[in-house]
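Participant: turn this into a model:
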Amino acid sequence: MRTALTKAKERAEKGVWPGAAVARTEFYLSQIIEENDMGSAEAEGLVTKARSVLSRFLPSDPLDGVPAEDVLALFGHLQPISGGIFTGISLLKYIL
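Facilitator: You can find the predicted model right below:
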């Protein structure tokens, strides 16, 4: 899983994916790194970078009723539909 997310992150750096999609990938990667004790400094750096994207994009497209702690739901909200990305189940509990 880490290899797949790392490759996806590398592709994103070539400018193919929007910033919100890249940030969500980095956030997921940080969770995998942290869960496997593979480098907390690297994980923390990815989380910080991903959260900075949230703080930049959310004011343009706010989502009422979703707590700031539910980062996966917030990332799900920001995903572009043009790429066919499903928001995931994290956001569904707030909109159903």
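Participant: could I get the contacting residues of the residue nearest to L63 when sequence neighbours are not counted?
Facilitator: Spatial nearest neighbour of L63, chain neighbours left out: H77 (4.8 Å); criterion: CB to CB, 6 or more residues apart in numbering. To be clear about C-beta, it is placed using only N, CA and C from the backbone, and glycine gets the same treatment. Listed by CB atoms under 8 Å, 6 or more residues apart in numbering, the contact set of H77 reads 61, 63, 66, 87, 91.
Participant: go again using 10 Å as the cut-off
Facilitator: Listed by CB atoms under 10 Å, 6 or more residues apart in numbering, the contact partners of H77 are 20, 54, 57-58, 61-63, 66, 70, 87, 90-91, 94-95.
Participant: hmm, F75 is touching S30, no?
Facilitator: No: if you go by CB atoms under 10 Å, F75 and S30 don't touch, sitting 12.0 Å apart.
Participant: what do those two both touch?
Facilitator: In contact with both F75 and S30: A50, using CB under 10 Å, 6+ apart.
Participant: burial measure for A73, as a count.
Facilitator: Residues contacting A73 under the criterion other CB atoms under 10 Å number 21.
Participant: now the element after the helix or strand hosting it, going C-ward?
Facilitator: Remark: A73 resides in helix 71-78, with elements defined by DSSP states H and E. Going down the chain from helix 71-78, the next helix or strand is helix 89-95, by DSSP H and E.
Participant: low-confidence ranges in this structure?
Facilitator: Counting by pLDDT under 70, the chain contains low-confidence ranges at 1-2, 5, 8-9, 11-17, 39, 81-88.
Participant: quickly note the distance from the spatially most central residue of it to D37.
Facilitator: In the chain, the C-alpha nearest the mean C-alpha coordinate belongs to R24, at 1.5 Å (CA atoms, centre = their mean). For R24, the distance to D37 equals 23 Å [CB to CB, to the nearest Å].
Participant: which residues touch K93?
Facilitator: Taking CB under 10 Å, 6+ apart, one finds 66, 70, 73 in contact with K93.
Participant: ok, now I89?
Facilitator: Per CB under 10 Å, 6+ apart, neighbours of I89: 72-73, 76.
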